[in-house]
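Undergrad: What follows is a protein structure lacking sequence information:
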C-alpha cells in the first residue's frame, strides 16, 4: 500500500479552492481514473487557510 499526502497553499498561486474544484471536476478526476492500480483518491480543502 502507498499513501501520498500533498498540502498546497494557494495564497500566492492566483488560484482559489473553487477554481481548483473546477479543475478537478473537469480534468483531474478523469486523468486519475485511468491510473492502473489506483483504488482511492481524495481531495480535501480548508477555506480558512486557503489550502
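TA: Yep, it's here. All figures in this text were calculated on a predicted structure; none of them were measured in a lab.
Undergrad: all helices of the chain, in order?
TA: 17-23, 29-33 (DSSP state H).
Undergrad: need the contact list for the most centrally placed residue in the chain.
TA: Nearest to the geometric centre of the chain sits residue 43, at 4.6 Å (CA atoms, centre = their mean). Going by CB atoms under 8 Å, 6 or more residues apart in numbering, residue 43 touches 20, 24. Using the backbone N, CA and C atoms, a C-beta is placed for each residue, glycine as well.
Undergrad: circling back to that earlier point, any idea which of the helices of the chain is most buried?
TA: By mean neighbour count, with neighbours taken as mean count of other CB atoms under 10 Å, helix 17-23 ranks first of the helices of the chain at a mean of 13.
Undergrad: re the thing from before, now tabulate the helices of the chain in JSON lines and tack on mean pLDDT.
TA: Below are these laid out as JSON lines (pLDDT from 0 to 100):
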{"stretch": "helix 17-23", "mean pLDDT": "92"}
{"stretch": "helix 29-33", "mean pLDDT": "90"}
